[in-house]
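Asker: Give the three-dimensional model of this entry:
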Amino acid sequence: MTVFGLQWTQATDVYTRATGGGETNALTNLAVTSPTNAATLAAVAQASTYAPWSGMRRCNLWDDGTPTAYYGDRCYTDTDVANMGQAMVRIPKFWYTTNHGGGVYIWYISDTGADALPTGADHAWAVHPAFIRNGITKNNIYLGAYGGYLNGTKLESKSGVTPTNTPYQLSNFRGWAEALGAGWELFDFLTLSAVQLLYLIEYGTFHIPLVIGNGITLDAAVHITGETSAYGNATYGTAANQTTAMSYRGIENLLGNLSTFIDGININSYVPAIADHGFADDTYTGTYTSTGLTTVTATGGKFDDLLVDATYDYVFMPKTTGAAGAVHLCALVWSATGARGLLCGGAYASQWYPSFFAWMAAGAETVVGTDKGSRLEYIG
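Answerer: Okay, the predicted model is just below:
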């Protein structure tokens, strides 16, 4: 059995592959000077053979949550969602633990939770919170392969359309997602945290533009979906420009094209509250639990250090800003006091947000704009 881990030392901005508990980290070790070295590329290739990464696949998902076909199958389609179901990416359940302290952050994941516990782990193996919804553990989460497209009164995920960016609020998109039936929601904070962790351990750096690409973050208009259809389950992107779509393991434009509304998190004067179900605007009790953590109040600075505690050790929230250039989290923080929502990734002309770790929490949940969109999620 194998444990996959990554250690990041904040002060020196150094990454190393982490092991512990007598287990072997199968991902190739990193050289500390360059996250684009051959070792990183080898690690990415290796990850494709191990769960949970090997299970991240584009598929068609019917409204009742039944997969009808997977990418590569004869019947799989990116476009015919009426007959085959939404184009989604399956994310299999995984377990995690951490060893955070003294400015050194270590994340571990396991696909079984039965591996030996790494030495110094903060807690026993736990199912990542993204897979526990209203007390029920889920085996998979399905995330839209493409940006949300409004067809009548329902949101869709398919290729060959312009993702809906007419000025609508988060609650509008939420309603259109939920109109598909039980289990359908918008891309939420817990799932974002899981995807961030999977990416980070796989690539060994927060510097997404360097190892994948900038995404569509400096162009004149929103692009239609499907530019990465031919790449299927693979990761694709280019650092050469900011006008090319990127995809992380089949999730197109996780970074760029439109800034995506993130549900399941409400921020009240810099303090986030998180829910795993029962999503609603400007709510901080009930299904929402306050983290009790105050994110950095500085605005417009570079994301420099992480805000975590014993409960919220899986999140990527900003503790401080100040890092200059392409170091540390390589992302911007944009926040404000009062009731705020969260957006993921830069839009087609944003230029300054080429990261899905950027903390974009300056707008109210009622904010609208042609640079904002949505993404479907199935967690039923």
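
Asker: counting residues per helix, which one in this structure is longest?
Answerer: Of all the segments of type helix in the chain, defined by DSSP state H, the longest one is helix 189-203.

Asker: and the next element down the chain from it?
Answerer: helix 208-211 (DSSP states H and E).

Asker: pLDDT of that following helix, averaged?
Answerer: Helix 208-211 comes out with an average pLDDT of 89.

Asker: now swap in stretch 373-380 and tell me
Answerer: Across stretch 373-380, the per-residue pLDDT values average to 95.

Asker: Start and end of it, how far apart?
Answerer: 22 Å (C-alpha to C-alpha, to the nearest Å).

Asker: which residues touch that stretch?
Answerer: Residues from elsewhere that reach stretch 373-380, judged by C-beta atoms under 8 Å, 6 or more residues apart in numbering: 61, 65, 86, 88, 133, 138, 141-144, 146-148, 155-157, 163-165, 170, 173, 177, 180, 182-188, 191, 257-261, 277. C-beta here means a position set from N, CA and C on the backbone, and glycine is covered the same way.

Asker: residues in contact with the residue nearest to Gln86 when sequence neighbours are not counted?
Answerer: Spatial nearest neighbour of Gln86, chain neighbours left out: Ser157 (4.5 Å); criterion: C-beta to C-beta, 6 or more residues apart in numbering. Residues near Ser157 by C-beta under 8 Å, 6+ apart: Val81, Gln86, Ala87, Met88, Gly144, Ala145, Tyr146, Gly147, Gly148, Tyr149, Arg375, Leu376.

Asker: and if we set it to 6 Å?
Answerer: Remark: with contacts taken as C-beta atoms under 6 Å, 6 or more residues apart in numbering, Ser157 is in contact with Gln86, Ala87, Gly144, Ala145, Tyr146, Leu376.

Asker: between those residues, which is nearest Gly101?
Answerer: Among the contacts of Ser157, Gly144 lies closest to Gly101 (C-beta to C-beta), at 36.3 Å.

Asker: re the thing from before, which helices and strands does the longest helix of the chain pack with?
Answerer: Packing partners of helix 189-203 (3 or more C-beta pairs under 6 Å, 6 or more residues apart in numbering; DSSP states H and E): strand 259-268.

Asker: remind me which residues of the protein are low pLDDT?
Answerer: 1, 19-26, 29-39, 323-326 (pLDDT under 70).

Asker: Would you map the helices across it?
Answerer: In order along the chain, the chain carries the following helices (DSSP H): 38-47, 81-84, 170-178, 189-203, 208-211.

Asker: roughly how far apart are the nearest residue to Pro209 once chain neighbours are set aside and Thr119?
Answerer: Spatially, and ignoring its direct neighbours in sequence, Pro209 is nearest to Pro354 (4.7 Å; C-beta to C-beta, 6+ apart). Relative to Thr119, Pro354 is positioned 36 Å away (criterion: C-beta to C-beta, to the nearest Å).
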